[in-house]
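Enquirer: would you be able to build a 3D model of this:
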Amino acid sequence: MNLDATVFIHEKALVESSEIKENTRIWAFAHILKGAKIGSNCNINDHTFIEEDVIIGNDVTIKCGVYLWNGIRIQNRVFIGPNATFTNDIRPRSKKYLNESIKTDIQEGASIGANATIICGITIGKWALVGGGSVLTRDVPDYALVSGNPARIKGYVCECGENLIFNKNIAKCKCNKIYNNFEKIVKRID
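Expert: Reported below is the predicted structural model:
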């Protein structure tokens, strides 16, 4: 395996992939299969499992106890909390195998809280925030704050994570960021 010298792999991790970019850290008891692609400056915590058809962008944090199945695509700056659960089959049966991976897309800057469950085949939009313990059965729009079982939109958040305040089609944050024409991205999943 020919990895960049800045990649850290804990001695108790099992890493079969050679497609890991610079400054990424992989901790104890992680298992990464051959073919998995991991970007730069990522932090893959203890007790994680990553299958071969998984693509992870740059600056991603994956906390302990997360398993990423074939077909999962994670863009840059995503946070996945401890024990978040991803599924890989809509109708699972023992000894029945999928012919093709079901794609699940986690877009740039999204954050997923601890113990959330993500049903395969959905998209979590840019900078969305998923509350801990939520069950996602549908797509999540960009900037949406969702929680519950099933997850519902509770509001919208800024890229900094704070709640957005609306005035007509403009959304503002206390960090002074302004989003013009925000109604174009506001959607409902009810």
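
Enquirer: what about this structure, any weak spots by pLDDT?
Expert: 183-190 (pLDDT under 70).

Enquirer: just want the most central residue of it.
Expert: Ile106 (4.6 Å; C-alpha atoms, centre = their mean).

Enquirer: my guess is it meets Ile124, correct?
Expert: Yes: if you go by C-beta atoms under 8 Å, Ile106 and Ile124 touch, sitting 4.9 Å apart. For every residue, glycine as well, the C-beta is placed using N, CA and C.

Enquirer: what touches both of those two?
Expert: Ile112 (C-beta atoms under 8 Å, 6 or more residues apart in numbering).

Enquirer: the residue of the chain most remote from its centre and Tyr179, how far apart?
Expert: What lies farthest from the middle of the chain is Lys168; by C-alpha atoms, centre = their mean that is 30.8 Å. As judged by C-beta to C-beta, to the nearest Å, Lys168 and Tyr179 stand 12 Å apart.

Enquirer: list the residues that contact Asn2.
Expert: Asn2 neighbours (C-beta under 8 Å, 6+ apart): Ser18.

Enquirer: switch to numbering from 72
Expert: Noted, 72 is the first residue going forward, which turns the last one into Asn73.

Enquirer: three-state assignment of it?
Expert: coil (DSSP: H, G, I helix; E, B strand; the rest coil).

Enquirer: and it, what are its phi and psi?
Expert: phi -120, psi 90 (degrees, to the nearest 10).

Enquirer: okay, it and Asn129: tell me how far apart.
Expert: From Asn73 over to Asn129 (counting by C-beta to C-beta), the distance is 20 Å.

Enquirer: would you mind measuring the gap between the ends of stretch 153-163?
Expert: From its first residue to its last, stretch 153-163 covers 24 Å (C-alpha to C-alpha, to the nearest Å).

Enquirer: quick one: buried residues of that stretch?
Expert: For stretch 153-163, the neighbour count (16 or more other C-beta atoms under 10 Å) marks 153-155, 157-159 as buried.

Enquirer: redo those as JSON lines? Include secondary structure and distance to Glu233.
Expert: Below are the buried residues of stretch 153-163 laid out as JSON lines (DSSP: H, G, I helix; E, B strand; the rest coil; distance: C-beta to C-beta, whole Å):
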{"residue": "Pro153", "secondary structure": "coil", "distance to Glu233": "23"}
{"residue": "Asn154", "secondary structure": "coil", "distance to Glu233": "25"}
{"residue": "Ala155", "secondary structure": "coil", "distance to Glu233": "22"}
{"residue": "Phe157", "secondary structure": "strand", "distance to Glu233": "27"}
{"residue": "Thr158", "secondary structure": "coil", "distance to Glu233": "31"}
{"residue": "Asn159", "secondary structure": "coil", "distance to Glu233": "33"}
